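Participant: quick one: sequence plus predicted model below, questions after.
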Amino acid sequence: MSDNLTREELLKAIEPRSDQLNSDDLILGPITVTITKVRSGNAEQLAIIEIEGNPPRKPYKPCKTMLRILVEVFRNDPEQWIGQRMTLYRDPGATYGGHKVGGVRISHLSGLDAPRTFVVTVSRGKTQEVTIQPLASLTPEEQQFIEAVTHDFATAATLDILQGHGKVLAGKSEPVRNVLRPVYAARQKELESRGE
């Protein structure tokens, strides 16, 4: 009997102990999920979004900024959100209470025909532009490519290595580049903050 650690055991070992999807769950890259239910949360997290993905996922509890974008795109009837799809990614620069804690952000949504930019309030008196891309269908080959490159981006130890991995995007379809751009940008930001 082998005592070697399997990939599944390793992923289980780094899985955050939480009742919700958080940024550490997305350390290996973005995920695309389908909304199956929207239920009430609490005063701090107003909505709890049940999501279907592979493997099964914990609920997504969007921050107010992401929730406002969801209302803009999917409207204010949560029943109409069921069946809609979104791509979620890890933003290591997200802050809470003035501290960088990382967060889950949306990069793509179904129901959009073209990229859409929103001006949202991120803190008292401070606004930010957030662009959400339309969620296009990807071929299985494109999805496999995205998973492989996402892993390369996540494990790049320096900016030079990351830039080398980024060159593979040349000539790829716009939907593929749209999925990978925020992943690249988030890793770039992370490496720059560490001076690597």
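Facilitator: Great, that's in hand.
Participant: please make it C-alpha for all contacts and neighbour counts, starting now.
Facilitator: Noted.
Participant: need the strands for this protein, in chain order.
Facilitator: According to DSSP state E, the chain carries its strands in the segments 31-40, 47-52, 85-91, 95-96, 99-100, 103-109, 116-123, 126-134.
Participant: which stretch among those strands comes nearest residue 185?
Facilitator: Residue 185 lies closest, by C-alpha to C-alpha, to one member of the strands of the chain: strand 85-91, at 9.2 Å.
Participant: what sits against residue 61?
Facilitator: Contacts for residue 61 (C-alpha atoms under 8 Å, 6 or more residues apart in numbering) come out as 20-21, 45-49.
Participant: now a ChimeraX select for only the buried ones of these.
Facilitator: If you want just the buried ones from the contacts of residue 61 in ChimeraX, going by 16 or more other C-alpha atoms under 10 Å, the selection is:
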select :20,21,47,48,49
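Participant: rebuild the strands of the chain as JSON lines, extending it with mean pLDDT.
Facilitator: Listed next are these as JSON lines, based on pLDDT from 0 to 100:
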{"stretch": "strand 31-40", "mean pLDDT": "89"}
{"stretch": "strand 47-52", "mean pLDDT": "91"}
{"stretch": "strand 85-91", "mean pLDDT": "89"}
{"stretch": "strand 95-96", "mean pLDDT": "67"}
{"stretch": "strand 99-100", "mean pLDDT": "68"}
{"stretch": "strand 103-109", "mean pLDDT": "91"}
{"stretch": "strand 116-123", "mean pLDDT": "84"}
{"stretch": "strand 126-134", "mean pLDDT": "88"}
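Participant: could these go into CSV alongside distance to residue 158?
Facilitator: Below are those laid out as CSV (distance: least, C-alpha to C-alpha, whole Å):
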stretch, distance to residue 158
strand 31-40, 24
strand 47-52, 34
strand 85-91, 18
strand 95-96, 23
strand 99-100, 21
strand 103-109, 22
strand 116-123, 30
strand 126-134, 27
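Participant: of all those strands, which lies closest to residue 140?
Facilitator: Among these, the nearest to residue 140 by C-alpha to C-alpha is strand 31-40 (13.3 Å).
Participant: so what touches that closest one?
Facilitator: Applying C-alpha under 8 Å, 6+ apart, the contact partners of strand 31-40 are 46-53, 78-79, 81-89.
Participant: paired strands for that strand, with orientation please.
Facilitator: strand 47-52 (antiparallel), strand 85-91 (antiparallel) (DSSP bridges).
Participant: all set now, cheers.
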